[in-house]
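S.K.: Kindly generate the corresponding structure for this input.
(chains A and B)
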Amino acid sequence: MATDTLLHTPLYDTHVQQGGKIVDFAGWEMPVQFAGILEEHHHTRNACSVFDVSHMGRLILTGTDCESLLDRLCTRNLQDAEVGRSYYGHICREDGGVLDDVIISRFEKHWGIVCNASNREKIVHWINQHTEGCNVKLRDETTTTCMVACQGPKTLELVSEFTSEDLTKLKRYRFRARQMGPFRITVYRCGYTGEDGVEVVLPTSLVGMMVPKLFGTPKKPHPIIKPAGLGARDTLRIEAAMPLYGHELSEDWDSLTAGQSWCVDLTKDFIGADAMRKRSEQGLPRKIVGLELEGRRIARQHAEVFAGGSPVGEVTSGTLSPTLGKSIAMAFVAGAHATEGTELEVAVGSKRLPASVVPLPFYKRAK
Amino acid sequence: MVGAHLQYKRSRFSTRLPSDRLYAPSHAWLREETPGLWRVGFTKFATRVLGEPVELDFEVESEAAVQPGDTVGWVEGFKAVTDLFCPLPGLFAGPNPALDAGIAAIQSDPYGKGWLYAVEGTPPDDCVDASGYAGVLDAAIDKMLGNTL
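M.R.: As a prediction, the model looks like this:
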């Protein structure tokens, strides 16, 4: 794809100036790494990294029927959703196939949805298909706002300094929105790394003001806060066993079969619920497991998993865990082979490497 | 890297190309250590494309006959596995023993301690000097930028 067709986030020039290695990601030119995946990974686990996640879709829904519409579109129960709270869930087709995994937030006068960059157009289209006869209006704020994820044990202390609010009082999956004249700045206490942290959404016009506060200046960079790229974001989320659309989630499987039943409420009605109830009655054909492989080779997506020479499943994501120093992977395997301690094999290159089933997540931060 | 070199810069990529060696179109360098014995390593461009290496192995034994284009091993990065293609004909003279203790030098010092393996032989004509390799880099970067005229 020629570079002129790719989108740039408001932080693109900052990434280039910081030495980011830029790649094409879901139609955006994004930094895959700065100092290196390993260094950024460890820095996130020990201090504070900032990830540009402005490529992700940010949709605003207004109107009196938002709650009932979103409750019908999402696997999570959003009836009586609290103002100031965010809910992770899936948007599915009638047959249960996952169209996207999203975070839905309830503001006082509107609702916000954060979706994957690669699924934004699909989700906008899907919502618009279901708004007929509803008092709901959708606005796409993806290109008029910026979103950064600040992640790591030192984040709350550092970010509280310039938001002049004590963010430690904000509970997980809660957010605070502050209106400054025409501008709205929203701070969410969530993330995709397994660390504590916040995600901040602000208008593009305020990015120039934010950059020196976050990163310092080229001559005097911030001593603790450092930029991190999509490479480290992936190794961090795999250690934390967080699903990634296109890997653990896809239109081919419903949320239950994808091993994400925790975010599905089968006691309510939503698009895909009937298919999932049926699936639940029939029993799930497979389970998601954690694998620890012998050696340092990485098991890639779609690598076959074997038990006693017979294929029993496939890898969805794998990496060399920087925290554990071990080759780890998530995989879907037949239920009979999903018990912790089960010895399996994974096809890597021309070899089959021994792997054992271990509990997920691979990494859990100290509270 | 101290010593004679060619400074190269194009788009967002810059490197110093040491003048004391040859370069293969597969983005490997070759330096003659003793007459006929060539050390082979990745250029900085190759390491930039590969990213951080996590594992490496060789698939040929020492003294095995090798031809240009033969796969002598592979190196795994976070995002992908890359085969190591031999740039010259001859006899495989073994991997860099220092890599047994850790392979980070492949990226941190690609033209020095991070050399990959040695081959006893004679480089073919497609191996060029630093200024010739600058042309190879121009073409490769143009291709990545989509400027294929």
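
S.K.: if I look at the residue most central in space within chain A, how far off is residue A:92?
M.R.: Residue closest to the average C-alpha location in chain A (Cα atoms, centre = their mean): residue A:192, at 5.1 Å. For residue A:192, the distance to residue A:92 equals 21 Å [Cβ to Cβ, to the nearest Å]. Every C-beta, even on glycine, is put in place using the N, C-alpha and C of the backbone.

S.K.: Residue A:160 too?
M.R.: According to Cβ to Cβ, residue A:160 stands 38 Å off from residue A:92.

S.K.: out of the two, which sits in the busier spot?
M.R.: Between residue A:160 and residue A:92, counted using other Cβ atoms under 10 Å in any protein chain shown, residue A:92 has the larger neighbour count: 26 against 17.

S.K.: Could you check the pLDDT of the more buried one?
M.R.: Looking at residue A:92, its pLDDT stands at 98.

S.K.: Let me see the contact set for it.
M.R.: Going by Cβ atoms under 8 Å, 6 or more residues apart in numbering or on different chains, residue A:92 touches A:75, A:98-99, A:254-255, A:270-272, A:276.

S.K.: Can you list which of those are found in strands?
M.R.: Counted as lying in strands by DSSP state E, out of the contacts of residue A:92, are A:98-99.

S.K.: For my notes, please list the contacts of residue A:92 in JSON lines and give distance to residue A:81 for each entry.
M.R.: What follows is the contacts of residue A:92, written out as JSON lines (distance: Cβ to Cβ, whole Å):
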{"residue": "A:75", "distance to residue A:81": "14"}
{"residue": "A:98", "distance to residue A:81": "21"}
{"residue": "A:99", "distance to residue A:81": "20"}
{"residue": "A:254", "distance to residue A:81": "23"}
{"residue": "A:255", "distance to residue A:81": "19"}
{"residue": "A:270", "distance to residue A:81": "14"}
{"residue": "A:271", "distance to residue A:81": "18"}
{"residue": "A:272", "distance to residue A:81": "19"}
{"residue": "A:276", "distance to residue A:81": "21"}
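
S.K.: right, and the residue nearest to the centre of chain A touches residue A:238 too?
M.R.: No - if you go by Cβ atoms under 8 Å, residue A:192 and residue A:238 don't touch, sitting 10.7 Å apart.

S.K.: Please list all residues in contact with the spatially closest residue to residue A:307 that is not a sequence neighbour.
M.R.: The shortest distance from residue A:307 to any non-neighbouring residue, by Cβ to Cβ, 6 or more residues apart in numbering or on different chains, is to residue A:337 (4.9 Å). Going by Cβ under 8 Å, 6+ apart, residue A:337 touches A:289, A:305, A:307, A:312-313, A:344, A:357.

S.K.: Secondary structure, distance to residue B:73 and pLDDT for those residues - can I get that in a markdown table?
M.R.: Shown next, in a markdown table, are the contacts of residue A:337 (DSSP: H, G, I helix; E, B strand; the rest coil; distance: Cβ to Cβ, whole Å; pLDDT from 0 to 100):
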| residue | secondary structure | distance to residue B:73 | pLDDT |
| --- | --- | --- | --- |
| A:289 | strand | 31 | 98 |
| A:305 | strand | 26 | 98 |
| A:307 | strand | 30 | 98 |
| A:312 | strand | 30 | 98 |
| A:313 | strand | 29 | 98 |
| A:344 | strand | 27 | 98 |
| A:357 | strand | 31 | 98 |
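
S.K.: how about residue A:231, secondary structure?
M.R.: Of the three states, residue A:231 takes helix according to DSSP: H, G, I helix; E, B strand; the rest coil.

S.K.: That should have said residue A:156, apologies.
M.R.: Under three-state DSSP, the three-state class of residue A:156 is helix.

S.K.: What about the closest residue to it other than its chain neighbours? Give its phi and psi, please.
M.R.: Nearest residue to residue A:156 in three dimensions, chain neighbours excluded: residue A:167, at 4.8 Å (Cβ to Cβ, 6+ apart). When read as degrees, to the nearest 10, the backbone of residue A:167 gives phi -70, psi -10.

S.K.: now residue A:167: how far from residue A:237?
M.R.: 22 Å.

S.K.: same thing with residue A:140?
M.R.: Distance from residue A:140 to residue A:237, by Cβ to Cβ: 25 Å.

S.K.: again with residue A:159
M.R.: Relative to residue A:237, and taking Cβ to Cβ, residue A:159 is found at 20 Å.

S.K.: so who does the residue lying closest to residue A:335 once chain neighbours are set aside touch?
M.R.: Excluding its sequence neighbours, the residue lying closest to residue A:335 (Cβ to Cβ, 6+ apart) is residue A:287, at 5.4 Å. Listed by Cβ under 8 Å, 6+ apart, the contact set of residue A:287 reads A:259, A:332-335, A:338.

S.K.: Of all pairs in these, which one spans the longest distance?
M.R.: Taking Cβ to Cβ as the measure, these span a maximum distance of 12.9 Å, between A:259 and A:334.

S.K.: And those two? Which one has more around it.
M.R.: Remark: of residue A:259 and residue A:334, residue A:259 carries more neighbours, 22 against 16, as counted by other Cβ under 10 Å.

S.K.: who's in contact with the more buried one?
M.R.: Residue A:259 touches A:243, A:248, A:287-288, A:332, counting by Cβ under 8 Å, 6+ apart.

S.K.: ok, now residue A:256?
M.R.: So residue A:256 contacts A:96, A:264, A:276, A:279-280, A:284 (Cβ under 8 Å, 6+ apart).

S.K.: do residue A:152 as well
M.R.: A:43-49, A:193, A:195-197.

S.K.: which one among these gets closest to residue B:117?
M.R.: Nearest to residue B:117 among these: residue A:43, at 32.9 Å, using Cβ to Cβ.

S.K.: what's the burial count for the closest one?
M.R.: Neighbourhood size, residue A:43 [other Cβ under 10 Å]: 22.

S.K.: Check the gap between it and residue A:220 for me.
M.R.: Distance from residue A:43 to residue A:220, counting by Cβ to Cβ: 18 Å.

S.K.: Kindly report the same for residue A:13.
M.R.: Where residue A:220 is concerned, residue A:13 sits at a distance of 18 Å (Cβ to Cβ).

S.K.: Same check on residue A:44?
M.R.: Taking Cβ to Cβ, one finds residue A:44 at 22 Å from residue A:220.

S.K.: Those two: who's more crowded?
M.R.: Neighbours per residue, other Cβ under 10 Å: of residue A:44 and residue A:220, the larger number sits with residue A:44, 30 against 9.

S.K.: Which element, helix or strand, includes the more buried one?
M.R.: Following DSSP states H and E, the helix or strand that holds residue A:44 is helix A:37-46.

S.K.: does any bit of that helix sit next to chain B?
M.R.: Yes - Helix A:37-46 reaches chain B (Cβ under 8 Å from any Cβ of the partner chain) through A:37-38.

S.K.: contacting residues around residue 126?
M.R.: Using chain A here. Here residue A:126 is in contact with A:73, A:91, A:99 (criterion: Cβ under 8 Å, 6+ apart).

S.K.: that's the wrong chain, I wanted chain B
M.R.: B:24-25, B:68.

S.K.: how much space is there between residue A:186 and residue B:83?
M.R.: Counting by Cβ to Cβ, the gap from residue A:186 to residue B:83 is 47 Å.

S.K.: For those two, indicate the residue with more neighbours.
M.R.: residue A:186 (20 against 14).

S.K.: Please identify the residues of the stretch 101-250 of chain A in proximity to chain B?
M.R.: Going by Cβ under 8 Å from any Cβ, the residues of the stretch 101-250 of chain A near chain B are A:231, A:234-235.
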